[in-house]
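**Student:** below are the sequence and a predicted model; questions follow.
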Amino acid sequence: AALWRGSAGPDVADAAPGLADALTAAARSARDALTAVEVEALLALGRPDEALELAVGAARAAPADEDAQLRLMRVQAAAGRTTDALRTFARVRDVLADELGADPRPDLVALNEQLLARSTDASPGRTAAARRTVGDAATSAHRRTPVRHPVGLRAARHALLGRAHD
């Protein structure tokens, strides 16, 4: 992929216009797949800083691609950029809501929750003893399993009142 220059198919555009478009789409798909594999390999090797530029490029090219956005969040988190990963989630949540009217899929939400929990635990001024004390007090006060709420999702929209006739 590194030796690939230009776009695929322009030399056949006059002879077969549909073929040029198909070649361009296939080439883009292959390039995106290779980028995803490279990012995953760099993450597996423990080199998230090297994967960051590739992941950012892929995510920018496809803002509604949840796989690319999840990969970017994972790279950002592995590189110690938790705030950037949380911003990425907020951005993809907005894009999905605005363009598709959908919420992020469960694995994106779960990663966002993990990152929020991690950033809360690592907040300045909170020592492990302080977190343990707060946790022990909460546990003793409520001897039941806490209710989990989706974190980082928009609240459901309210129905318009007084518009029943429309």
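**Tutor:** Received it, and whenever you're ready, just let me know what you need.

**Student:** show me the shaky parts of the protein.
**Tutor:** 1-15, 121-166 (pLDDT under 70).

**Student:** ok, longest helix in the protein?
**Tutor:** helix 17-44 (DSSP state H).

**Student:** please report how far Leu72 lies from Glu53.
**Tutor:** Separation of Leu72 from Glu53 (CB to CB, to the nearest Å) stands at 11 Å. For glycine as for every other residue, the C-beta is placed from the backbone atoms N, C-alpha and C.

**Student:** likewise Arg91?
**Tutor:** From Arg91 to Glu53 the distance is 18 Å (CB to CB).

**Student:** could you do Arg60 as well?
**Tutor:** Applying CB to CB to Arg60 and Glu53 gives a distance of 11 Å.

**Student:** picking up where we left off before, more crowded one of Leu72 and Glu53?
**Tutor:** Neighbour tally, Leu72 and Glu53, criterion other CB atoms under 10 Å: the higher count belongs to Leu72, 27 against 11.

**Student:** my guess is that one contacts Val56, does it?
**Tutor:** Yes. Contact criterion CB atoms under 8 Å: Leu72 and Val56 qualify, at 6.4 Å.

**Student:** which stretches of the protein form helices?
**Tutor:** 17-44, 48-61, 66-78, 82-95, 106-121, 128-141.

**Student:** flag every buried residue along the fifth one.
**Tutor:** In other words, helix 106-121. Residues Leu108, Val109, Leu111, Asn112, Glu113, Leu115, Leu116 are the ones in helix 106-121 that count as buried (16 or more other CB atoms under 10 Å).
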